[in-house]
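Student: Can you look at this prediction? I've put the sequence above it.
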Amino acid sequence: MPKQIPLDPRGRAASPESDAARDDDIQEICPDLAYRRLAIVNVAFFGRSGAGDRGWVLVDAGVIGTTSLIIEAAEARFGPHSRPAAIIMTHGHFDHVGGLEELAEKWDVAVYAHELEHPYLNGSASYPPPDPSVGGGVMSMLSPLYPRGPVDVSSRLRKLPQDGSVPGMPGWRWLHTPGHTPGHISLWRETDRTVIAGDAIITTRQESAYAVAVQAAELHGPPMYYTTNWHNARTSAELLASVDPMRAITGHGPAMQGDEMCAALHELARNFDRVAVPDGGKYVDIPADEREGGEYRKP
């Protein structure tokens, strides 16, 4: 199995005290950026506390059953009945779109995603089957049971701007970081070297239910059982390492920051095949689009 890259817990963005409570509270990592862990996944909130209605942005939409918790966290941070200016999707896997349809309707808000991710968000295609043969733990074993979509927010779905800007997030740019999914994106702010990486890299071993529960601070490649193009995943890790981030929120695991995190990301990128790619699996040598004749599948 791939080797782990352990990181010093001092690399975490949150303090040990607040990190222990991250299931219950929103965690602020800088004045205009926070996240909340909801079951197995994180959602991010851009905007300063008290920003008010349409003064903030939601990144990703959690798993099914967490919609009320997202609304609760948003209202606690931005004010009662506060709606976002936009919802930005890193990708459309089930654990990132659980509340998307309900939230988009309730808030009457536009949803932005990479054009290659639109089929999974407009009701026209399902993702390729996950690959439990990668091993690693119970999360991989259970992956055939996970929903593959699609969801349908077609009436509110928009393409990300071609100039790389991010609606509602001045100073940020979106980076195409495919591999985990065809249209996966990460968000990057150069001024303070902060990245919202989605599942292009993660900070817990997502294949293991124990690691997911404990959330030890480690840096890993994307979840193996749901990554369908490992060549692109490697290129995406290399891209993220090349910008030298000093702070990262990922889709799974605690937010991290500091020189240790940046150094580990470079190590991950340099040794991606050895430390991130599974020893075997149906997508390791043949990506899903080549194996099954196209990246877009009808439901």
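Tutor: The structure has been received and is ready for your questions. Residues are numbered from 1 along each chain as shown.
Student: can you pull the contacts of Val111?
Tutor: Going by Cβ atoms under 8 Å, 6 or more residues apart in numbering, Val111 touches Ala86, Ile87, Met89, Leu100, Ala104, Leu121, Val153, Arg156, Leu157, Arg158. All C-beta atoms are positioned from the backbone trio N, CA, C, and that covers glycine.
Student: With Arg158 instead?
Tutor: Ala110, Val111, Tyr112, Ala113, Pro167.
Student: how far away is the first one from Leu58?
Tutor: This means Ala110. Distance, Ala110 to Leu58, by Cβ to Cβ, to the nearest Å: 11 Å.
Student: Now do the shared contacts for the two.
Tutor: Common contact partners of Ala110 and Leu58 (Cβ under 8 Å, 6+ apart): Ala86, Ile87.
Student: Am I right that His81 is in a helix?
Tutor: No - assessed with DSSP: H, G, I helix; E, B strand; the rest coil, His81 is coil; it does not lie in a helix.
Student: my guess is it meets Glu75, correct?
Tutor: Yes - judged on Cβ atoms under 8 Å, His81 makes contact with Glu75 at a distance of 7.0 Å.
Student: nearest to Ile185, of the contacts of Arg158?
Tutor: The closest of the contacts of Arg158 to Ile185 turns out to be Ala113 (Cβ to Cβ; 7.6 Å).
Student: Around Ser126, how many other residues sit close by?
Tutor: If you count neighbours by other Cβ atoms under 10 Å, Ser126 ends up with 16.
Student: Mind listing the residues bridging to it?
Tutor: Arg297 (DSSP bridges).
Student: which secondary structure element contains Ala237?
Tutor: helix 230-242 (DSSP states H and E).
Student: List the buried residues of that helix.
Tutor: For helix 230-242, burial by neighbour count (16 or more other Cβ atoms under 10 Å) applies to Trp230, Asn232, Ala233, Arg234, Thr235, Ser236, Ala237, Glu238, Leu239, Leu240, Ala241.
Student: Over to stretch 27-36?
Tutor: Under the neighbour-count criterion of 16+ other Cβ under 10 Å, stretch 27-36 has Gln27, Glu28, Ile29, Asp32, Leu33, Ala34, Tyr35, Arg36 buried.
Student: Return the set of residues that bridge with the second one.
Tutor: Beta bridges link Glu28 to Ala34 when assigned by DSSP bridges.
Student: can I assume it is in contact with Ala34?
Tutor: Yes - under the criterion of Cβ under 8 Å, Glu28 makes contact with Ala34 at 4.3 Å.
Student: can you list residues touching both of those two?
Tutor: By Cβ under 8 Å, 6+ apart, Glu28 and Ala34 have no common neighbours.
Student: check contacts around the nearest residue to Val277 once chain neighbours are set aside.
Tutor: Closest residue in space to Val277, ignoring its immediate chain neighbours: Trp230 at 5.2 Å, by Cβ to Cβ, 6 or more residues apart in numbering. Going by Cβ under 8 Å, 6+ apart, Trp230 touches Gly179, Val277, Tyr283, Val284, Pro287.
Student: Buried ones among those residues?
Tutor: Buried members of the contacts of Trp230, counted by 16+ other Cβ under 10 Å: Gly179, Val277, Tyr283, Val284, Pro287.
Student: I'd like to know how far Leu157 sits from Val111.
Tutor: Note on Leu157: its distance to Val111, by Cβ to Cβ, is 5 Å.
Student: again with Val153
Tutor: To Val111, Val153 is 5 Å away according to Cβ to Cβ.
Student: Check the contact lists of those two and give me the overlap.
Tutor: Contacts common to Val153 and Val111, judged by Cβ under 8 Å, 6+ apart, are Leu100, Ala104, Leu121.
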